[in-house]
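[1] Here's my sequence, what's the structure:
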Amino acid sequence: MDLDIQEKDKMKGKLLLIFTIAAAFTACSRYIAQNGETAITTKGNEAQYDYMLSEAYRQKYLGSMADAVKLFEECKKSFPEKAVPYFELAQIYSFQGNKSDAKINALRAEKLEKDNYWYKMFCGGLYSSEKNIDSAIVFFEGALKLKPDDNDIKAVLGQAYLQAGDLLKAEKVLRQLTDNGEYNETDIFNIVNSLIEAKHFKEAEEWTKKLVKQNTEEVKYQAVLAEIYRFEGKNNLADSCYNSIIASNPNDGESQMLVMNYLIEKEDYENASSFLGSILENNSITRERKVDFLRYLLNDTTFVKTKFSVLESNLIKVEGQFPNDEEVYSLRAQVYEMMGLKEKAIERYYEIRKENKSTFYSDQKLIILLAEEKRFEELFNVAKTFATNYNKSILGKVYYGIAAVELKKYDIAEEEFDKAMILAGNDEKMQFSVLSAQADLEYRQKNFEKSFTLLESALKIEPEDAGTLNNYAYYLAENNSDLKRAFQMAAKAIKKEPQNGTYIDTYGWVLYKMGKYKPALKEIKRALDMSKDRDPELLEHMGYVLKSLRKCDEAVNYWQESLKRDPAKTYLNEEIEKCKAR
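    Residues are numbered from 1 along each chain as shown. Here you go, the predicted model:
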């Protein structure tokens with residue numbers, strides 16, 4: 001359960017204390033021998049080795065890593081039985097991200113000096129960084145045998161046991177630390193979390209009770225204990241814990257949030273919502289905590305839909321607490337979106353634009369909603385202002401261009417898409433979005449080959465994108481071009497999104513163009529059944545399919561409805577007259 005919204009990751013994540021060696025290097029001038037190369041001494045006696053080693057250290061701390069590596073490697077060749085050069089190279093390679101060579105050298109150093117706990121810990125740390133916990137444990141255990149009283153080694157080993165899921169060994173080691181006062185509350189809290197994740201509820205309960213006993217005023221530990229009871233199926237004990245929390249601090253905002261959260265998880269939305277007003281009115285809770293808690297509530301779709309009116313009225317009150325706060329103001333608009341009340345959401349975003357100077361977030365949401373609702377005149381004006389005010393925003397320029405395309409202002413669209421592509425730089429995802437928009441622009445201007453070339457470029461970036469596959473298939477079908485490929489792309493698109501009415505319509509339209517009228521009728525009828533607003537394009541397609549099946553009377557009915565919904569489709573009048581004349 002989320003006991004502290006701002007520390008969610010800390011509460012739920014495992015803490016793995018991986019032993020690492022941080023090598024700090026300062027850039028400085030390199031030591032260069034008189035001949036321009038770093039001095040390297042060949043095989044020789046112990047004195048020569050000592051000289052090479054000291055020189056290697058000097059280069060290392062001067063920041064001349066390449067020279068240091070050469071010298072340490074020469075030390076290895078001269079005296080392969082000495083561990084120090086291997087260990088130093090392991091540190092340098094690890095620092096440089098060369099984990100493979102780091103491990104080779106570290107393992108060699110550890111093998112040469114079996115009684116060096118430092119080398120063992122370093123090897124364990126390398127294996128930990130690779131998530132090879134079992135191998136890491138072998139080295140950490142070896143280090144602890146050499147230094148059985150070292151609390152740092154115990155801490156690392158205990159956490160490695162937790163990571164490996166060996167709870168019994170982890171507890172044994174970590175209890176030694178807590179008994180000696182070496183572990184603080186946060187460390188114990190992470191142990192409890194690990195035990196809960198491993199479903200060792202009995203052990204988790206024991207540790208948590210100790211925390212509760214040591215921190216009687218800290219309600220979050222009581223809440224953790226309640227959650228453990230709940231996991232164990234001891235719901236009465238869990239209820240008792242939460243009742244105790246709220247009884248001891250009935251007006252405490254944090255306690256109220258804990259209990260409300262618990263009730264929501266139990267799906268007791270009625271009782272949960274009774275706390276919302278007092279939580280939001282509590283002046284001891286910061287604005288940030290309130291916003292975080294509200295965002296947490298908005299993640300629960302069922303709660304939002306069940307207690308919509310309560311949530312809406314309380315959000316209005318919070319807006320009064322924090323006037324001209326775009327983030328706070330936008331929460332109510334998000335709720336409207338979740339409820340499917342797009343008109344109210346759009347209205348709210350317009351209100352935010354009037355009441356706030358900076359509306360970057362809200363304008364983006366408004367732009368997307370206007371595009372979804374095909375309100376292109378409004379989209380054109382809002383996106384134009386947004387693209388001007390935030391001239392580095394790709395979203396603003398793309399949607400400004402999309403609105404311009406729909407309004408047949410092609411010059412503006414082309415200019416905005418070109419700007420967006422420049423802003424996209426090497427970001428392929430952004431390039432993909434712009435390419436798709438440019439392809440539509442070129443198609444609308446009947447530059448078919450250019451449109452297809454742009455779509456090919458888009459598919460190289462995202463070859464499985466359903467929207468692009470659908471659009472390309474439709475464009476090919478409209479041009480009676482490469483219908484076999486159009487069919488393959490349309491089929492792939494509906495396989496990816498089988499409930500997408502637009503994609504089903506394209507699939508049906510491709511079938512129609514291929515002369516497969518009966519299968520086409522089935523698919524377009526299916527698309528129409530899924531359409532909430534009787535899309536005029538779908539109605540038009542249905543008319544053509546029915547005409548091909550010699551059902552002119554039915555075809556005329558669909559075309560007439562299409563014309564009624566979109567008077568711009570005047571060319572259908574001719575089709576209607578032809579059908580009536582039969």
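[2] Show me what counts as buried in stretch 536-556.
    536-547, 551-552, 555-556 (16 or more other Cβ atoms under 10 Å). Just so you know, the C-beta spots here come from the backbone N, C-alpha and C atoms, and that holds for glycine as well.
[3] Just the ones in helices from those, please.
    Residues of the buried residues of stretch 536-556 located in helices (DSSP state H): 536-547, 552, 555-556.
[4] wait, what's in contact with Lys513?
    477, 480, 483, 486 (Cβ atoms under 8 Å, 6 or more residues apart in numbering).
[5] now stretch 212-219: mean pLDDT?
    Throughout stretch 212-219, pLDDT has a mean value of 73.
[6] The helix or strand harbouring Tyr229 packs against which elements?
    Tyr229 is located in helix 219-231, with elements delineated by DSSP states H and E. Applying 3 or more Cβ pairs under 8 Å, 6 or more residues apart in numbering; DSSP states H and E, one finds that helix 219-231 contacts helix 185-197, helix 201-214, helix 235-248, helix 253-265.
[7] roughly how far is it from the heart of the chain?
    Remark: helix 219-231 is offset 29 Å from the chain centroid, using Cα atoms, centre = their mean, to the nearest Å.
[8] Please apply the same query to stretch 151-159.
    32 Å.
[9] can you map out the helices along the stretch 451-582 of the chain?
    466-478, 483-496, 501-513, 517-530, 536-548, 552-565, 572-581 (DSSP state H, counting those that start in this stretch).
[10] CSV for those helices, including distance to Val192?
    Formatted as CSV, these follow (distance: least, Cβ to Cβ, whole Å):
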stretch, distance to Val192
helix 466-478, 44
helix 483-496, 43
helix 501-513, 49
helix 517-530, 49
helix 536-548, 57
helix 552-565, 61
helix 572-581, 70
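[11] looking at those helices, which is closest to Tyr229?
    Tyr229 lies closest, by Cβ to Cβ, to one member of the helices of the stretch 451-582 of the chain: helix 483-496, at 44.1 Å.
[12] Let me see the residues that make contact with that closest one.
    By Cβ under 8 Å, 6+ apart, helix 483-496 touches 464, 466-467, 469-470, 472-474, 476-477, 500, 503-504, 506-507, 510-511, 513-514.
[13] Mind listing what's buried along that helix?
    483, 486-487, 489-494.
[14] Under the pLDDT cut-off, which ranges of this structure? List them.
    For the chain, the stretches flagged by pLDDT under 70 are 1-44, 178-190, 198, 216-217.
[15] from memory Ile576 sits against Val556, does it?
    Yes. When contacts are counted by Cβ atoms under 8 Å, Ile576 is listed as touching Val556 (5.3 Å).
[16] what's the spacing between the nearest residue to Ser358 once chain neighbours are set aside and Glu319?
    Spatial nearest neighbour of Ser358, excluding adjacent residues (Cβ to Cβ, 6 or more residues apart in numbering): Glu326 at 6.4 Å. As for Glu326, its distance to Glu319 is 11 Å (criterion: Cβ to Cβ, to the nearest Å).
[17] same thing with Thr468?
    Distance from Thr468 to Glu319, by Cβ to Cβ: 40 Å.
[18] Show me which of the two is the more surrounded one.
    Thr468 (22 against 17; other Cβ atoms under 10 Å).
[19] No further queries at this time; thank you.
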